[in-house]
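**Student:** Give me coordinates for this.
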Amino acid sequence: MTVKPLIILPDPLLRVQSKPVERIDDELRRFSDDMLETMYDAPGIGLAAIQVGVPLRMLVIDLAKDEEPKAPTTFINPEIVQFSDEASVYEEGCLSIPEYFAEVERPASLTVRYQDLDGKTQEVTTDGLLATCLQHEIDHLNGILFIDHISRLKRDMVIRKFTKAARRGAE
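**Tutor:** Purely as a prediction, here's the structure:
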């Protein structure tokens, strides 16, 4: 397994619409392992393929706490098929926007249909942190960042901060 470099704001790749996975094979399974290794190394609880520079509709999540055994799930071609009218608010962060956190309101529960690493279609109905994490990562697949759900003023401040940091890093 290989830790991949993370794509960081303001990289325009984060705004790319990811393409569907067409074939689930050993190469894709190795990529899933690399994504998990990268997510654990960061450390984080979710990672979309685009965050490591691969515009495929694929994401990994593991919400296990440090003292619990790892419980990774790979979601291939995930799609939200239903969500609740009820909303919940979570403080979100993102591996591609390091050390910035903001409260985001999203539907409290949802149903997601996806393929697993064996190519089988699965469906999960969930709420709480998993629902929030799935929405956050699926947004990535659509070129949407969690800062797109906060006020324009705060979003613009974050983008300016990361753009300045990227310029300083390029000098």
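
**Student:** quick one: low-confidence ranges for this protein?
**Tutor:** Regions of the chain meeting the criterion pLDDT under 70 cover residues 171.

**Student:** Now do the contacts for the residue nearest the centre of the chain.
**Tutor:** In the chain, the centroid-proximal residue (C-alpha atoms, centre = their mean) is residue 137; its distance is 2.8 Å. Residue 137 makes contacts with 46-48, 59, 61, 75, 78, as judged by C-beta atoms under 8 Å, 6 or more residues apart in numbering. Bear in mind the C-beta positions are built from the backbone N, C-alpha and C, glycine included.

**Student:** which one of these is nearest residue 118?
**Tutor:** Taking C-beta to C-beta as the measure, residue 118 sits nearest to residue 75 out of those, at 13.0 Å.

**Student:** Kindly state the beta-bridge partners for that closest one.
**Tutor:** residue 59 (DSSP bridges).

**Student:** Touching, it and residue 56? I think so.
**Tutor:** No - taking contacts as C-beta atoms under 8 Å, residue 75 lies outside contact range of residue 56: 11.4 Å.

**Student:** Which of the two has more residues huddled nearby?
**Tutor:** Just comparing residue 75 and residue 56: by other C-beta atoms under 10 Å the higher neighbour count belongs to residue 75, 26 against 18.

**Student:** Could you check how far the more buried one is from residue 95?
**Tutor:** 16 Å (C-beta to C-beta, to the nearest Å).

**Student:** likewise residue 61?
**Tutor:** Using C-beta to C-beta, residue 61 is found at 12 Å from residue 95.

**Student:** what does residue 80 give?
**Tutor:** 21 Å.

**Student:** Please say which of these two ends up with more neighbours.
**Tutor:** For residue 80 against residue 95, the residue with the higher neighbour count under other C-beta under 10 Å is residue 95, and the figures read 21 against 14.

**Student:** check contacts around the closest residue in space to the residue nearest to the centre of the chain that isn't next to it in sequence.
**Tutor:** Taking C-beta to C-beta, 6 or more residues apart in numbering, and ignoring the residues beside it in sequence, residue 137 has residue 59 as its nearest neighbour in space, at 4.1 Å. Contact analysis of residue 59 by C-beta under 8 Å, 6+ apart lists 35, 46-49, 74-75, 78, 137-138, 140-141.
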